[in-house]
Each structure stands twice: as structure tokens, then as C-alpha cells.
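Participant: I'd like to go over a predicted model; first the sequence, then the structure.
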Amino acid sequence: MNILVTGAAGFIGFSVIRKLLSLGYKVIGIDNINSYYDPTLKYDRLKILGISSEDIEWNKKISSVIYPDFSFIRMNLEDNDDISKLFQDYYFNIVIHLGAQAGVRHSLVNPHAYISSNINGFLNILEGCRFSKVDHLVFASSSSVYGLNGKVPFSEKDNIAHPISLYAATKKSNELMAHAYSHLFNIPITGLRFFTVYGPWGRPDMSPFLFIDSILRNKPIKVFNNGEMWRDFTFIDDIVEGIIRISTIIPEKCENWDPKNPDPSFSPAPYRIYNIGNQHPIKLIDYIECIEKTIGREAEKEFMPMQPGDVVRTYADSSALASATNFVPSTPLEEGIRKTVEWFRGYYKL
């Protein structure tokens, strides 16, 4: 089985590819290796996959020196000619689309990057899947789509009409675009709403990385909304397991869907949406305390107001995912933080 993974040098994409290769799949990964955060981390992830930074060129296929079933191509999602050629040159049974411009706060600073990558780039992936007739497209959405929703836990059956960041709006747009293509062209598509993913090799712009780094270097940490925030932290290994399990479950048309009482989580088209979260929101202060205990050092805290685009609480109802895959994320925060701190100390030699 041949699988395309976009965002191959990213946190989740890299982690998914490692698991796929261990299971014997053939994988092609693509990524533009942009500078949203330090590309060194991205190159080091690729090095783990057997791809040397010295060999990387735009639109050149590079074979891994470690994994015979893995190849990498540096390319932009936004380049429709290059993406179209990729789908013409290779047939993919499954496409796992994880490449995107990430980050809620950065979308206030550079909104055009989000439209270019998350909208135009996703359209190119949809078009590639359309013309090559892939068996299944799995794509990354986000818990950010729940926006101003106050009912918790968040369910896929909930309305998501009120996103509060451009990033969230692009992810909601992805879900709408995916449904249209699934309906029009009978493409089996599954969207996954990720809830605050963390773990080894994580993104430097996310709170686990920022807090661990600051505490180890004796720098103050910023605590937004005075710590009155809750997040459904989900460990990377659980995210990877959920992605891989759902990728082999091809959605089918639902004959019992009621257009007079439409359920947004599924459709008469072969289309599904799932939350993938730990189902156990942690208060920000408790989360910081867990990091402090793991490191053995108390953080100096700067209490800050709520930031534009942030939500107060995320809380996943992952029961639909559990029903479909017989799996639900369950790694305890203490275990996940311990593994993350151990990796961080080793990688940065702190």
C-alpha cells in the first residue's frame, strides 16, 4: 500500500511516517520546510527518517538511507502544477494530509500564509485525490473550529459557526471543501479534529516546548488569562495511533442521513469527521505544575490577559473515534510530560 503524507518534516507528519514505516507501508513524504519555526528541527526530524539535509532540493525525490520504503520530496502545497504532477507520477492508496500553516496567534500576523497554504494548498490536494481516485483522504482539522462554543465536551455533532481566529476559519473551510469534493466526486474523506498535541519532537511555538525551555533556562513563563484556561492535552503517540487506525477505515455513504435534521459529523457522501483528544481537560496552572515537578524546578510566572484568537477551554468527546476504531487517546499527562522533558533535555543538551 502506497501512502502520501504531507507535512512530512512537521511534528505530527514525521511521527506518523515513523509509525507507518515500522508497519511496513511504502510512504512518500512532502514538505516545503518553511521558516515558521527553526527549520533545523525539521531537518533533524528528516534525518531520523534517513533524509540528509545536504541532499534536499526543490521537487527532487530523495530515497531514505535508512528506510527503503520511504522517499521525500521538498515542494509547496500551493504549487498546483507540482502537486498535480506528483499525483500523476505516483499512485497513492491513502493520502494523509497534515501539511498546513499552523498556529492561532501567527494567523493574526501573517494571514495570507494561511489562505495560501491551508486553502489553496488543500484545494490542490483535493484535486489530486479527485483525478487519481485515491481510496481514502485523511486530513487534519483542529479543535480550534469549535470557537465560541460553550457546551462541553465538544462533539462532532455540534455547530461550528463561530471560529475566532483565521487559522480556525481555514480549518473549518477545509471541512466544507472536503465535504463538497466527497459529495461531488465520491471521494472517501475523513477529517480529524486534533486537540492540543504535544510530545517529543514537538513544535517550538507550543506551550509544552515554551514552558520546558524557559524553566530549564531559568526564564519566566507567560501564563495567559491568569491561568484560567483548560486544554485537552493529547500525547503524540495517541494521535499517531488514531490517524493510522482511521486511515484504514474507509467511510461509506450514509443512507439514513436526515436532511431535515442534518448531523454535521457524517453525510450521505462518504465523509466523516472525528475528534481525537484525551477527553480530560487540564487547567493551565495544573499543567504547569506537572512540568515543574517533572523538571524539579518552579517556574517564574508572568500572568497575562487572554490573547486574541485563544479559547478558554478545549474538551474532546472522542466517543465516535472509539466506536469506529476501538481506540481512544489515554496517555496520562504525567507520562507524556515525562517523555517530552526527557527528549527535550537530550535534544537540546540541557
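Facilitator: Looks like it came in fine.

Participant: what's the burial count for N275?
Facilitator: 31 (other CB atoms under 10 Å). Just so you know, the C-beta spots here come from the backbone N, C-alpha and C atoms, and that holds for glycine as well.

Participant: what's in contact with the helix or strand harbouring it?
Facilitator: Assessed by DSSP states H and E, N275 sits inside strand 271-276. Strand 271-276 is contacted by residues 141, 143, 154-156, 175, 178-179, 182-183, 188-195, 234, 238-239, 242-243, 246, 251, 264-266, 316-318, 320-321, 324, 329 when judged by CB atoms under 8 Å, 6 or more residues apart in numbering.

Participant: Which of the residues you listed are buried? Put it as a PyMOL command.
Facilitator: Of the contacts of strand 271-276, the buried ones can be selected in PyMOL as follows, counting by 16 or more other CB atoms under 10 Å:
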select buried, resi 141+143+154+155+156+175+178+179+182+183+188+189+190+191+192+193+194+195+234+238+239+242+243+246+251+265+266+316+317+318+320+321+324+329
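
Participant: about what we covered before: and the strand holding N275, how far from the chain's centre?
Facilitator: 13 Å (CA atoms, centre = their mean, to the nearest Å).

Participant: where do the helices sit along the stretch 151-300 of the chain?
Facilitator: Assigned by DSSP state H, counting those that start in this stretch, the stretch 151-300 of the chain shows helices spanning 166-185, 207-216, 236-247, 284-295.

Participant: likewise the stretch 1-150 of the chain?
Facilitator: Using DSSP H, counting those that start in this stretch, the helices of the stretch 1-150 of the chain run over 11-22, 39-48, 80-89, 106-109, 111-114, 122-132.

Participant: Flag every buried residue along the second one.
Facilitator: If you call a residue buried by 16+ other CB under 10 Å, then helix 39-48 has these buried ones: L41, K42, Y43, R45, L46.

Participant: just checking, the first one touches D205?
Facilitator: No: with contacts counted by CB atoms under 8 Å, L41 stays clear of D205, the gap being 10.9 Å.

Participant: who's in contact with A161?
Facilitator: G147.

Participant: separation between it and A180?
Facilitator: 17 Å (CB to CB, to the nearest Å).

Participant: roughly how far is stretch 189-209 from the heart of the chain?
Facilitator: Relative to the centre of its chain, stretch 189-209 is centred 6 Å away, using CA atoms, centre = their mean.

Participant: re the thing from before, can I get the helices of the stretch 151-300 of the chain in JSON lines with mean pLDDT and distance to H97?
Facilitator: Listed next are the helices of the stretch 151-300 of the chain as JSON lines, based on pLDDT from 0 to 100; distance: least, CB to CB, whole Å:
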{"stretch": "helix 166-185", "mean pLDDT": "97", "distance to H97": "9"}
{"stretch": "helix 207-216", "mean pLDDT": "96", "distance to H97": "24"}
{"stretch": "helix 236-247", "mean pLDDT": "98", "distance to H97": "11"}
{"stretch": "helix 284-295", "mean pLDDT": "97", "distance to H97": "29"}
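
Participant: ok so, going back, looking at the helices of the stretch 1-150 of the chain, which is buried most?
Facilitator: Ranked by mean neighbour count, the helices of the stretch 1-150 of the chain are led by helix 11-22 with a mean of 22 (mean count of other CB atoms under 10 Å).

Participant: what's that one in contact with?
Facilitator: By CB under 8 Å, 6+ apart, helix 11-22 touches 3, 5-8, 27, 29, 31, 45-46, 48-49, 67, 69-70, 96, 98-99, 140, 194, 197, 199, 201-203, 236-237, 239-241, 243-244.

Participant: run the last query once more with 7 Å
Facilitator: Contact with helix 11-22 is made by 3, 5-8, 27, 29, 31, 45, 49, 67, 69-70, 96, 98-99, 197, 201-203, 236, 239-240, 243-244, as judged by CB atoms under 7 Å, 6 or more residues apart in numbering.
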